[in-house]
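K.L.:
A predicted structure for the sequence below; I have some questions about it.
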Amino acid sequence: MLSFLTSRLSLSTRCLPIVNRRLFVRQFASASAETINFTLSDNSFKAYKCDPPSLEIEVSKDEIVQLYKQMVVMRRMETAADALYKSKMIRGFCHLCTGQEAVSVGMEAAITKDDAIITAYRCHGFTFIRGGTVHSILAELMGRKTGISKGKGGSMHMFSKNFYGGNGIVGAQVPVGTGIAFTQKYLEKKNATFILYGDGAANQGQVFEAYNMAKLWDLPAIFVCENNFYGMGTSSSRSSANPQYYTRGQYLPGLQVNGMDILAVKKACSWAKDWVINEQGPLILEMVTYRYGGHSMSDPGTSYRTREEIQHMRSTKDPITGLRQRILDFNILSEAEMKQFDKEARAEVEEAVNKAQNDPQPDPDELFADIYVKGTEPPTIRGREREEFAVMQQ
Amino acid sequence: MRISRLTSLLLPNFTNIPNKSIIRNQLIKKASFHATSLFLQKTNTPPSAEGFMPGVSQSRETKKMNMFQAINDAMSIALATDETAGRFIFGEDVAFGGVFRCTLGLAETFESLELNILVFAESSPTSTAGRDRVFNTPLSEQGIVGFGIGMAAMGHTAIAEIQFADYIFPAFDQLVNEASKYRYRSGGIFNVGGLTVRSPCLAVGHGGHYHSQSPEAYFTHTPGLKVIMPRSPIQAKGLLLASIRDRNPVIFFEPKILYRAAIEQVPLVDYELPLGKAEILKSGKDVTVVGYGSLIYVLENSIQLAEKTFPGLSCELIDLRSLLPWDVDTVAKSVNKTGRLVIAHEAPQTSGFAAEVATSIMERCFLRLEAPVQRVCGWDTPFPLVFEKFYVPDMIRCYDAIKEILEY
């Protein structure tokens, strides 16, 4: 199994060289908006029934710095969530995206706030990148009033504008996302919906039902399979007859992307968005990525893979280290400046943790709120007598 | 005088409830309430549980087990006592134990057994499904149950695990439209009696929306299925073995909080407990209290509190164990004696299983009832994360219901 895995992963090894000799720089005069032209590694993409995007990508120095900062804060946030869970401040189920930051940050960099994203349970990173603050996310995890879902959702249930949430039911978000894409098309909006699911969820029947409808009506739906090689504790090779997830749409063109290289992710997502808004029909993107932690907090993540494998991925393919190296190679920032960013990120997250810890829990009324539209609730909510309602009012 | 249940919940000062000190003590004990329960077999004496097969009560060989170990033991026995057809266990991540470790070690133990019938293709080199009898499936609940139905229709015994009861809904169609009706719609030519679906359910203390629900009532509404929920390791082992061997599709819900919290001296022998038979855990003359699963321990505590508060009061506690079919006779007999009925479950009250119990008892015992039947259930809200303690019936709410029914 492992040999299979290594051969699959060698793809990402090759696409994320720490120093890519073939990269070249074309520098422009303006300081902050100065852009750099990167050439991605040859192995960044693998296409199915379509031509892959070009390997050239132009990114401004400012943007590179921004991407770096976002990934660093995201990782700090997940580390903080990990610690809070272990100290029992966070209860419930908690799935961290440590290692997979490039997917969410790279995707957001390629689209606008009017494009939609919907994902599954590993949703903290996406919530952050779609406008949730670190504080609102940590407060949600801890069940505080100030949480992004008023403390009523917890780990898998975070939403923000054009971010249709995490979802705790494996695969259930895929048909929902297809409906969002349909509406975008119906309203003639030039926007796309990115529908994320894992390699585990890729085997759910409703995923294929969604593919069919999306293609039938040529919806601006981009099905993004975050392939981190393990659906919970079962490796993709043991759960999937065809682990080449980008080819699984049969009639849907697909693109496999090195999901550990943020620039490849950005390139692929902007290419995909162009594709679907030009009414060429839906696409599948397979983001080849890796999670360093277990599936959830109750999974140490080492019973079905070796520590060496995790260590190897961390040391050779980490998205943050990869981008950091690029920043240094092109003299965008100095080592000291980046250390400063890391420090600031740590402070920002620490402050959010402290603030969230001291926030109150939601009011008792919230238990009954938002089940029905206000004013249309059943006259009595069963389990609670009329006079009990009066007590609540006092 | 009626006490508002919500008052007792939300207001720190329980002005209407006497014996505050007892409540406080009980609340402290609550964290370990399973350990203090009188209903858990802690000694090496033969279990007194009703319905034990005669041989079991003679057996003195027991082992300390928690509920997941007892379930593991039951499945191990089921796999080992394979006679004519193969028995299989499958579900998400079960091969290395499952999220709750119920299937721990089974894959290794039963991997080498030769089977006379194989239903899988062995061609795929990466797939171990053809050889192993305990194997992982893709994350595909509808597929898991449909697959199990197919195996069971071929005469196999299939034990499918749905990782959380909250995830059973993608398989709802397969269970309701396929499994339950297979025998009926084929005129008895085919059946899926070998199918048992195990699934952890109920609150666990911090599960949130999708890891805490109690979907039993959806399935008790489906003729053709059997629905079981045990309260303890001894019960779980006996009921699970009976469920596996019962020639009807059975949904076996396991209260996940009990996996580690409930520990008993479990007989090592192969034994079954009857499906469809409730158990009277404590007899009494004034109030019949009915529950199932982990709520039994909450009810036990509230009965203790009520009996301390009202000297002379005696409550009868009944564990239904089996929800479809459920033992209406035992409950009706009890209510005919006491005239009062309190029912508790964690699922929301509206259309919950308590409604069925209340109606049946009203039909059977109308003239004997001294007070309206009391239901203590989850509120009609989605299962909340932060409000779990408010939502799940706790000792005070159950006590309150007993008090109300007494003072009616």
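P.N.:
The structure has been received and is ready for your questions. Note that the coordinates shown come from a computational prediction; the quantities given were computed from them, not determined experimentally. Numbering: from 1, shown residues only, chains lettered A, B, ... in the order given.

K.L.:
what about the residue in chain A that chain B sits nearest to, which SS state?
P.N.:
Nearest residue of chain A to chain B, counting by Cβ to the nearest Cβ: A:Arg91, 3.1 Å away. Glycine gets a C-beta too; all of them are placed from N, C-alpha and C. Of the three states, A:Arg91 takes coil according to DSSP: H, G, I helix; E, B strand; the rest coil.

K.L.:
could you list every residue that touches the residue nearest to it when sequence neighbours are not counted?
P.N.:
The shortest distance from A:Arg91 to any non-neighbouring residue, by Cβ to Cβ, 6 or more residues apart in numbering or on different chains, is to B:His206 (3.1 Å). Neighbouring residues of B:His206 by Cβ atoms under 8 Å, 6 or more residues apart in numbering or on different chains: A:91-92, B:385, B:388.

K.L.:
what bits of the stretch 251-400 of chain B have low per-residue confidence?
P.N.:
Scanning the stretch 251-400 of chain B for pLDDT under 70 picks out no residues.

K.L.:
show me where it has strands.
P.N.:
For the stretch 251-400 of chain B, the strands defined by DSSP state E, counting those that start in this stretch occupy B:263-267, B:279-282, B:287-291, B:315-319, B:322-324, B:341-348, B:374-378.

K.L.:
Tell me which of these sits most buried.
P.N.:
Burial of the strands of the stretch 251-400 of chain B is given as mean neighbour count (mean count of other Cβ atoms under 10 Å in any protein chain shown); strand B:287-291 ranks first at a mean of 29.

K.L.:
so A:Ala80 makes contact with A:Asn354?
P.N.:
No: in this structure, A:Ala80 is not within contact of A:Asn354 by Cβ atoms under 8 Å, at 10.4 Å.

K.L.:
Tell me which of these two has more neighbours.
P.N.:
Neighbour tally, A:Ala80 and A:Asn354, criterion other Cβ atoms under 10 Å in any protein chain shown: the higher count belongs to A:Ala80, 22 against 12.

K.L.:
What strand or helix carries whatever residue of the stretch 101-250 of chain B ends up closest to chain A?
P.N.:
Residue nearest to chain A within the stretch 101-250 of chain B: B:His206 (3.1 Å; Cβ to the nearest Cβ). According to DSSP states H and E, B:His206 maps onto no helix or strand at all.

K.L.:
which stretches of chain A have low pLDDT?
P.N.:
Scanning chain A for pLDDT under 70 picks out A:1-32, A:380-394.

K.L.:
Need the nearest residue in space to the residue nearest the centre of it, chain neighbours excluded.
P.N.:
The central residue of chain A, meaning the one whose C-alpha is nearest the mean C-alpha position (Cα atoms, centre = their mean), is A:Ser104 at 3.7 Å. Spatial nearest neighbour of A:Ser104, excluding adjacent residues (Cβ to Cβ, 6+ apart): A:Gly125 at 4.2 Å.

K.L.:
What's the local residue count around the one you found?
P.N.:
Number of residues near A:Gly125 (other Cβ under 10 Å) recorded here: 27.

K.L.:
likewise B:Val204?
P.N.:
For B:Val204, using other Cβ under 10 Å, the count is 22.

K.L.:
In this structure it contacts B:Ser212, no?
P.N.:
Yes: using Cβ under 8 Å, B:Val204 is in contact with B:Ser212, at 6.4 Å.

K.L.:
What is the neighbour count of A:Pro360?
P.N.:
Using other Cβ under 10 Å, A:Pro360 is surrounded by 9 other residues.

K.L.:
Which parts of chain A are strands?
P.N.:
Using DSSP state E, the strands of chain A run over residues A:35-39, A:45-48, A:56-60, A:116-118, A:193-198, A:221-227, A:230-231, A:234-235, A:254-258, A:283-288.

K.L.:
Pipe those into TSV and attach mean neighbour count and distance to chain B per row.
P.N.:
What follows is the strands of chain A, written out as TSV (neighbours: other Cβ atoms under 10 Å in any protein chain shown; distance: least, Cβ to the nearest Cβ, whole Å):
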stretch	mean neighbour count	distance to chain B
strand A:35-39	18	36
strand A:45-48	18	21
strand A:56-60	15	34
strand A:116-118	26	16
strand A:193-198	29	8
strand A:221-227	29	13
strand A:230-231	25	5
strand A:234-235	22	5
strand A:254-258	27	19
strand A:283-288	27	17
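
K.L.:
now those strands in CSV, with distance to B:Lys403?
P.N.:
Listed next are those as CSV, based on distance: least, Cβ to Cβ, whole Å:
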stretch, distance to B:Lys403
strand A:35-39, 73
strand A:45-48, 67
strand A:56-60, 69
strand A:116-118, 48
strand A:193-198, 50
strand A:221-227, 53
strand A:230-231, 50
strand A:234-235, 50
strand A:254-258, 63
strand A:283-288, 58
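
K.L.:
longest helix anywhere in chain A?
P.N.:
helix A:61-86 (DSSP state H).

K.L.:
okay, the angle between that helix and strand A:56-60?
P.N.:
When axes from the mean of the first three to the mean of the last three Cα atoms, to 10 degrees is applied, the directions of helix A:61-86 and strand A:56-60 differ by 80 degrees.

K.L.:
and helix A:61-86, how far out from the chain's middle?
P.N.:
A distance of 12 Å separates the C-alpha centroid of helix A:61-86 from that of its chain, computed with Cα atoms, centre = their mean, to the nearest Å.

K.L.:
near chain B at all, that helix?
P.N.:
No: on the criterion Cβ under 8 Å from any Cβ of the partner chain, helix A:61-86 is out of touch with chain B, staying 10.0 Å away.

K.L.:
And for stretch A:352-368?
P.N.:
Yes: using Cβ under 8 Å from any Cβ, stretch A:352-368 comes into contact with chain B via A:361-362, A:364, A:366-368.

K.L.:
In that stretch, which residues are buried?
P.N.:
Residues A:352-353, A:355-356, A:359, A:362, A:366-368 are the ones in stretch A:352-368 that count as buried (16 or more other Cβ atoms under 10 Å in any protein chain shown).

K.L.:
Give me the residues contacting it.
P.N.:
Residues from elsewhere that reach stretch A:352-368 (Cβ under 8 Å, 6+ apart): A:77, A:80, A:84, A:89, A:133-135, A:138-139, A:142-147, A:150-152, A:377, A:381, A:384, A:392, B:10, B:379, B:381, B:384, B:386-387, B:390-391.

K.L.:
Now, of the residues you listed, which are buried?
P.N.:
So, by 16+ other Cβ under 10 Å, the buried ones in these are A:77, A:80, A:84, A:89, A:133-135, A:138-139, A:142-144, A:146-147, A:150-152, A:381, A:384, A:392, B:379, B:381, B:384, B:386-387, B:390-391.

K.L.:
How about the residue of the stretch 301-408 of chain B found nearest chain A, nearest residue that isn't a chain neighbour?
P.N.:
Of the residues in the stretch 301-408 of chain B, the one nearest chain A is B:Val386, at a distance of 3.6 Å by Cβ to the nearest Cβ. Once flanking residues are discounted, B:Val386 sits nearest to A:Gly143: 3.6 Å by Cβ to Cβ, 6+ apart.

K.L.:
From A:Met89, how far off is the one you found?
P.N.:
A:Gly143 sits 9 Å away from A:Met89, going by Cβ to Cβ, to the nearest Å.

K.L.:
and if you look at B:His209?
P.N.:
19 Å.

K.L.:
now do A:Glu56
P.N.:
Counting by Cβ to Cβ, the separation of A:Glu56 from A:Met89 is 46 Å.

K.L.:
before we move on, what about B:Met362?
P.N.:
47 Å.

K.L.:
related to what we said a few turns ago, burial of the residue of chain A closest to chain B, as a residue count?
P.N.:
A:Arg91 has 21 neighbouring residues, counting by other Cβ under 10 Å.
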